[in-house]
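A.B. asks: Mind looking at a prediction? Sequence and model below.
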Amino acid sequence: MAETRAEILLPTAELREDIPFFTKVLGLKLDMIYPADDPRVGVFSGHGLRLRIDRDAQTAPGVIRILTDAPDSFADGARHLTAPNGTEVFIENSNPPLEMPQTAHSFVVRRLKDQAPWIIGRAGMHYRDLVPDRLGGSIIASHIRIPDGGPVPDMVHFHKVGFQLIFCIHGWVDVVYEDQGDKMRLTPGDCFIQPPEIRHRVLEASDNVQVIEIGVPAEHVTEIDHDMTLPTPHRRPDREWDGQRFVFNQAAGAAWRPFRLPGFICRDTTIADNTNGVAGVEVVRPAPGGGTSPWASHDTDIHFTFVMRGTVTLAGEGRDPYDLEQGDAFVIPPQMITRLSNASQDLELLEVTLPGRFRTTLA
């Protein structure tokens, strides 16, 4: 098979001035230079890059970003350099720590009937934003659907996140995860916790599969892993990623218990325990003969709820009540006093809180 290589073309006024910079300062190798008597072309390689610096090139000097695990020891700790040919070079940390923005608390109600736009995102999936202001960048909550079933054009990838939830509300989807065995099928009421940087791949979905995806922080990087093949040969259910374990929680056979708000019951998805309290996820229904809670407040940082089924009225201090139905979502800021009432008997709510352990105060 014929060898194929790619090069980035950069200009120069005098190649002899660029050679020491690209070799000694940036640590690239000089692979080719010509003509011998008056060099005008040099080819350099290194750090996954191949450059052709040509005195006759009619192009801009360009910008190079070099990513390294040890930026302080690269190029004597410089973070911004300019080569003799004018090329700007930025040296950056290849794996910077995850930055968690401070939550900008607000009371949010997002209705399905308001017809928020569906945006086509990664792998052809449709995304509907459930928290438009994203609480200052601290969270993204998406209603995701795949209209046409079948194989999903996905690749092995991972997310640099602090917390991520996938909760199925309609249809089914098959996903395979690093160190968790063969593919698993998510059906309505089931959920996955994707610990930070766990490799995974969406394989196949039913027609009109729909999931709720929660990511913290709102802006996080998705990286493709071209080297890993899933499933991996070993199953390690107790493995932790940044202190979190993978969770596959299934609705079938789940135990129900009194909810933190009287008048309702809930089933715990075990996520608070498996994330060391980073987040909590519960499914909520009216208790027999219930469906109205007392006025109450909470002290957790992020409190998100999605109406999966049925209807309910949300009242908040100083605000008109909201009659909510399937597909609606809301966020209650800490210390705000609210109440749920008039719940239909088929009501089912998805409640996601960060942190997962917090205090509820009844008014």
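C.D. replies: Looks like it arrived, so ask away. Residues are numbered from 1 along each chain as shown.
A.B. asks: Any stretches of the protein with poor pLDDT?
C.D. replies: Low-confidence segments of the chain (pLDDT under 70): 122-123.
A.B. asks: Spell out, range by range, the helices that occur in it.
C.D. replies: Using DSSP state H, the helices of the chain run over 15-20, 271-274.
A.B. asks: Turn those into a markdown table, including mean neighbour count and distance to residue 264.
C.D. replies: (C-beta placed from N, C-alpha, C; glycine too.) Formatted as a markdown table, the helices of the chain follow (neighbours: other CB atoms under 10 Å; distance: least, CB to CB, whole Å):
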| stretch | mean neighbour count | distance to residue 264 |
| --- | --- | --- |
| helix 15-20 | 16 | 69 |
| helix 271-274 | 20 | 18 |
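A.B. asks: Adding distance to residue 209, write the ones you listed out as CSV.
C.D. replies: Below are the helices of the chain laid out as CSV (distance: least, CB to CB, whole Å):
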stretch, distance to residue 209
helix 15-20, 54
helix 271-274, 21
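A.B. asks: who's in contact with stretch 7-21?
C.D. replies: In this structure, residues lying in contact with stretch 7-21 by CB atoms under 8 Å, 6 or more residues apart in numbering are 30, 33, 39-43, 49-55, 57-62, 81, 83-87.
A.B. asks: Show me which of those are buried.
C.D. replies: Buried positions within the contacts of stretch 7-21, assessed by neighbour count (16 or more other CB atoms under 10 Å), are 33, 39, 41-43, 50-51, 53-55, 57, 61-62, 81, 83-85, 87.
A.B. asks: Residue 257 contacts residue 283, doesn't it?
C.D. replies: No: under the criterion of CB atoms under 8 Å, residue 257 is not in contact with residue 283, lying 11.3 Å apart.
A.B. asks: got any residues that touch both of the two?
C.D. replies: 266-267.
A.B. asks: more neighbours, the two?
C.D. replies: Ranked by neighbour count (other CB atoms under 10 Å), residue 257 and residue 283 place residue 283 first, with 22 against 9.
A.B. asks: what's the more buried one in contact with, if anything?
C.D. replies: Applying CB under 8 Å, 6+ apart, we find residue 283 in contact with 189, 251, 254, 266-267, 269, 308, 348-351.
A.B. asks: Let me see the contact set for the residue lying closest to residue 342 once chain neighbours are set aside.
C.D. replies: Once flanking residues are discounted, residue 342 sits nearest to residue 313: 4.6 Å by CB to CB, 6 or more residues apart in numbering. By CB under 8 Å, 6+ apart, residue 313 lies in contact with 321-324, 340-343.
A.B. asks: and which of those is nearest residue 135?
C.D. replies: Top of the list for closeness to residue 135, among these and by CB to CB, is residue 322 at 18.5 Å.
A.B. asks: which residues does that closest one form a beta bridge with?
C.D. replies: residue 314 (DSSP bridges).
A.B. asks: One more: residue 108?
C.D. replies: residue 331.
A.B. asks: With residue 306 as the reference, measure out to it.
C.D. replies: From residue 108 across to residue 306, the span is 12 Å (CB to CB, to the nearest Å).
A.B. asks: Which one of the two is surrounded by more residues?
C.D. replies: Set side by side, residue 108 and residue 306 show more neighbours around residue 306, with 23 against 18, by other CB under 10 Å.
A.B. asks: isn't that one right up against residue 130?
C.D. replies: Yes: applying CB under 8 Å, one finds residue 306 in contact with residue 130, separated by 6.9 Å.
A.B. asks: what's the overlap in contacts for these two?
C.D. replies: Counting by CB under 8 Å, 6+ apart, the common neighbours of residue 306 and residue 130 are 141, 143, 212, 329.
A.B. asks: Cool, thanks, signing off.
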